[in-house]
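K.L.:
What would the 3D arrangement of this be:
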Amino acid sequence: NKEIIYNLAYVDNITDIYNLNKFKLETYSLLRRRGDKKYALIGFDIDIFKLINETFGYDFGDCILKIIAEALKSEFKNNIFARIQSDHFVVLYNYEKEEDVVNAIKSFFENFYRRKVINDIRVDVVLSSGAYLIPNDETLPDIRTMISYVYTAAETVKGINSDVKYAFFDAAIRSQMLEEVKMEKEIKMALEKKQFRVFYQPKIALLDNNKISGAEALLRWIHPERGFVSPMEFIPVAEKTQLIVMIGRFVFEEVCKTLNSWEKSYKNIYPISVNFSMIELYQSDLIDFIKHMIAKYDLNPKYIEVEITESSALGDLKYVVQVINELKGLGIKVSMDDFGTGFSSLSYLKNIPISILKLDKSFFNEFETEKKKKNIMRSVIELGKSLNL
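P.N.:
Purely as a prediction, here's the structure:
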């Protein structure tokens, strides 16, 4: 019974190495009595692990996690290591020179890539790593803070085309974190002080004398000191901090207000499309919120279009399909935005019940001079039409 309780409390059930609870206990204990010894916290995680699980199945994903654990046992056998969540692994590594940490990370990558064969199939999986050199003084950050430093560093190398990707948490990354904390506070203030505004970009029907056929709602932040703040600056921070839910609901209500105003003032009104991020899509009360807004502003739902991105569908496909069907049940059209930029799959078009397909701008770059691009674009358009999109 003691052994069962110990395993439940301290052992990861997939990889049989330490879990976060045990890692924290062992790390605190060791750092309290470290003396002059130097330690670094190193983290590893799998790029696009969710996509791997969705594509090949969770058993396959578990095999990769076990391979990482075996590589950790081989490379860091005299150190403390653990799987702390999903595909995140951490190591408390004793070193003498910073170069030792770099060599340890590189050696681990080599070890992992030698092993990544499942059922005689070589698996094309890429890892990223971050490291934090723990200061050897009394001002010791708590374990969760240090882990956040590690994975903030790892995020900076995501997307780099290399088998060995790592970064150290440094002053520049710390500065970026502080900027994000500052931005988070400013976003909250902007919501309170109504600094966000919704603009409408018209959609033009080129084959119908350039008539307006609809519009897309675009959020803009008019800062009292900095003027227009680009969404590229604040949306990533809003998504990280879940503030995107409040922002998204503000935009949706503004669109409902606009449609209500147009209905009272004009003979012809146009559908407006609203972007929903993946985080918004996974809010359990989303449909209730939309129903409430439609009733509050007495709207015909046919004038509302919801846009989701390809990446939104990479999560729980079954759940996303359920949400889309509920939206369509309300009379709302759903479009897939940015098609062609991510991990485009024709199975999305088959399995996700969208009404509108929005091709990304990259399809159109240089298509007039490159025959191959033009043919791809033409084929995708014909495919969309054949699926009544």
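K.L.:
Would you mind listing where this protein has pLDDT under the threshold?
P.N.:
Scanning the chain for pLDDT under 70 picks out 54-55, 116-123, 138-139, 311-316, 341-345, 347.
K.L.:
can you rerun that using 80?
P.N.:
Along the chain, segments meeting pLDDT under 80 span 48, 50-56, 115-124, 137-141, 159, 161, 310-317, 340-351, 362-369.
K.L.:
and residue 340, what is it in contact with?
P.N.:
The contact partners of residue 340, by C-beta atoms under 8 Å, 6 or more residues apart in numbering, come to 359, 360, 362, 363, 380. The way it works is simple: take the backbone N, C-alpha and C, and place the C-beta from them, glycine included.
K.L.:
So which of those residues sit within helices?
P.N.:
In this view, the contacts of residue 340 that belong to helices under DSSP state H are residue 380.
K.L.:
biggest separation within the contacts of residue 340, which pair?
P.N.:
Spatially, the most separated pair among these is 362 and 380, at 11.6 Å (C-beta to C-beta).
K.L.:
more crowded one of those two?
P.N.:
When residue 362 and residue 380 are compared for neighbours, residue 380 comes out ahead with 18 against 12, by other C-beta atoms under 10 Å.
K.L.:
wait, that one sits on residue 363?
P.N.:
Yes: Residue 380 lies in contact with residue 363 (C-beta atoms under 8 Å); the separation is 6.9 Å.
K.L.:
Skipping its backbone neighbours, what lies nearest residue 113 in space?
P.N.:
Distances taken as C-beta to C-beta, 6 or more residues apart in numbering place residue 163 nearest to residue 113, at 6.3 Å, with adjacent residues excluded.
K.L.:
neighbours of the one you found, just the number please.
P.N.:
Neighbour count for residue 163, taken as other C-beta under 10 Å: 10.
K.L.:
neighbours of the closest residue to residue 88 other than its chain neighbours, just the number please.
P.N.:
Counting by C-beta to C-beta, 6+ apart, residue 88 lies nearest to residue 45, which is 5.0 Å off, once chain neighbours are set aside. By the criterion of other C-beta under 10 Å, residue 45 has 22 neighbours.
K.L.:
Repeat that for residue 46.
P.N.:
21.
K.L.:
in what helix or strand does residue 338 lie?
P.N.:
Element membership for residue 338, per DSSP states H and E: strand 333-339.
K.L.:
How far away from the center of its chain is the next helix or strand after that strand?
P.N.:
Downstream of strand 333-339, the first helix or strand assigned by DSSP H and E is helix 346-351. On the basis of C-alpha atoms, centre = their mean, to the nearest Å, helix 346-351 sits 21 Å off its chain's mean C-alpha point.
K.L.:
Equivalent analysis for stretch 25-35, please.
P.N.:
34 Å.
K.L.:
Okay, helices next: where are they in the stretch 51-200 of the chain?
P.N.:
For the stretch 51-200 of the chain, helices defined by DSSP state H, counting those that start in this stretch occupy the ranges 58-75, 98-115, 143-155, 171-192.
K.L.:
between the longest one and helix 143-155, how big is the angle?
P.N.:
For helix 171-192 against helix 143-155, the angle by axes from the mean of the first three to the mean of the last three C-alpha atoms, to 10 degrees is 100 degrees.
K.L.:
Now do helix 171-192: which elements does it pack against?
P.N.:
When contacts are defined as 3 or more C-beta pairs under 8 Å, 6 or more residues apart in numbering; DSSP states H and E, helix 171-192 sits against helix 143-155, strand 211-223, helix 231-240, helix 243-265.
K.L.:
among these, which is nearest residue 317?
P.N.:
That would be helix 231-240 among the helices and strands packed on helix 171-192, by C-beta to C-beta, at 20.3 Å.
K.L.:
Centre of the chain to the closest one, how far?
P.N.:
So, by C-alpha atoms, centre = their mean, the centroid of helix 231-240 is 11 Å from its chain's centroid.
K.L.:
SS state for the residue of the chain most remote from its centre?
P.N.:
Ranked by distance from the centre of the chain (C-alpha atoms, centre = their mean), the top residue is residue 267, with 41.6 Å. Of the three states, residue 267 takes coil under DSSP: H, G, I helix; E, B strand; the rest coil.
K.L.:
Was I right to think residue 262 contacts residue 269?
P.N.:
Yes: with contact taken as C-beta under 8 Å, residue 262 and residue 269 are classed as touching, separated by 4.2 Å.
K.L.:
neighbours of residue 359, just the number please.
P.N.:
Taking other C-beta under 10 Å as the criterion, the count of residues near residue 359 is 17.
K.L.:
Just list the residues touching it, thanks.
P.N.:
339, 340, 377, 380, 381.
K.L.:
Tell me who's in contact with residue 191.
P.N.:
Residues near residue 191 by C-beta under 8 Å, 6+ apart: 243, 246, 247, 250.
K.L.:
Could you rerun that using 10 Å?
P.N.:
221, 238, 243, 246, 247, 250 (C-beta atoms under 10 Å, 6 or more residues apart in numbering).
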